[in-house]
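**Student:** Here is my input, please return the structure:
(chains A, B, C and D)
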There are 2 protein chains.
Amino acid sequence: MGITKSQIFTEQQNDLAQFFKVLGHPARVAILQYISNQNACICNDLVEEIGLAQATISQHLKELKSIGLLNGEVEGKSMCYCINVERWTDLQNRLNTFFNTTKSNCC
Amino acid sequence: MGITKSQIFTEQQNDLAQFFKVLGHPARVAILQYISNQNACICNDLVEEIGLAQATISQHLKELKSIGLLNGEVEGKSMCYCINVERWTDLQNRLNTFFNTTKSNCC
DNA sequence: TTTTAATATTGCAATATTACGATGTTAATT
DNA sequence: AATTAACATCGTAATATTGCAATATTAAAA
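**Tutor:** Now for the predicted structure:
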């Protein structure tokens, strides 16, 4: 039905899946990689760099913001989007915990 | 349009996003966690454990198989699905590389 | 060889996602 | 105050995903 039955999973599982899901689009991967190579990020640069329409880029940025991976700061009439390093490291640790606690083989 | 413009991204970006995407559903996270706590995995157990219909579980297993995270072995009339530990560790390393090379702050 | 058990596959219905044009909004510039 | 620049949001079309019932398929058991 296109709708995920979140009720039947734990909050931890839903949370983790949500992180993975947001990272599960090449545009968002590309955005993060591009930002990390810049000193300042302006959405317009991204539009040229990534090759998607401005509205689409804006939407992807919103999703990255929604899980706290990006900080947006108003700078005049531009926006400066930056990776939230604390959150980034935190997420990396959570994913590693998931990987380390979920690797036993059964057969 | 619901269609991702994969052509405009690098293979590495598409690949990475694909991994994230497959892990981006709580049922698949739950399946991996459950399997890792068992010695043998039978789909029927999963149906009871997870609480989704057999057809749905089968579909999720297929997606996990598609990125090589699960090995399926026929065992009589049952299937034994196991985490592919080599692939699992490989994926963990790839994700850590991504996280480590994508963390500079700009603002 | 019929039956049964354990999946896989197919075919849908419902909802989500992706993408973009058009249109807001906001703040600097003129 | 009007204009411009840089986004954000809205509305919508196209496609993807989720989920399940029904129906294969496959191999052991009877």
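**Student:** show me what contacts the closest residue to residue A:56 other than its chain neighbours?
**Tutor:** Spatial nearest neighbour of residue A:56, chain neighbours left out: residue A:27 (7.5 Å); criterion: CB to CB, 6 or more residues apart in numbering or on different chains. Where C-beta positions appear, they are placed from N, C-alpha and C, glycine not excepted. The neighbourhood of residue A:27, defined by CB atoms under 8 Å, 6 or more residues apart in numbering or on different chains, consists of A:50, A:52, A:56-57, A:60, B:4-5, B:9.
**Student:** Likewise for residue A:54?
**Tutor:** A:43-44, A:47.
**Student:** make it 7 Å
**Tutor:** A:43, A:47 (CB atoms under 7 Å, 6 or more residues apart in numbering or on different chains).
**Student:** Please apply the same query to the one 10 residues further on.
**Tutor:** If you count contacts by CB under 7 Å, 6+ apart, residue A:64 has them with A:22, A:28, A:31, A:70.
**Student:** can you pull the pLDDT of it?
**Tutor:** You'll see residue A:64 listed with a pLDDT of 97.
**Student:** and if you look at residue A:44?
**Tutor:** 76.
**Student:** Just give the number of residues close to it.
**Tutor:** 12 (other CB atoms under 10 Å in any protein chain shown).
**Student:** Need the distance between the two termini of stretch A:70-90.
**Tutor:** Stretch A:70-90 stretches 13 Å from its first residue to its last (CA to CA, to the nearest Å).
**Student:** And DNA strand C, is that stretch touching that?
**Tutor:** Yes - interface with DNA strand C: stretch A:70-90 contributes A:74, A:76-77 (CB under 7 Å from any atom of the strand).
**Student:** Save the residues you listed as JSON lines, and put in neighbour count and secondary structure too.
**Tutor:** Below are those laid out as JSON lines (neighbours: other CB atoms under 10 Å in any protein chain shown; DSSP: H, G, I helix; E, B strand; the rest coil):
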{"residue": "A:74", "neighbour count": "8", "secondary structure": "strand"}
{"residue": "A:76", "neighbour count": "6", "secondary structure": "coil"}
{"residue": "A:77", "neighbour count": "5", "secondary structure": "coil"}
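**Student:** what's residue A:66 sitting at in phi/psi?
**Tutor:** Main-chain dihedrals, residue A:66, degrees, to the nearest 10: phi -60, psi -30.
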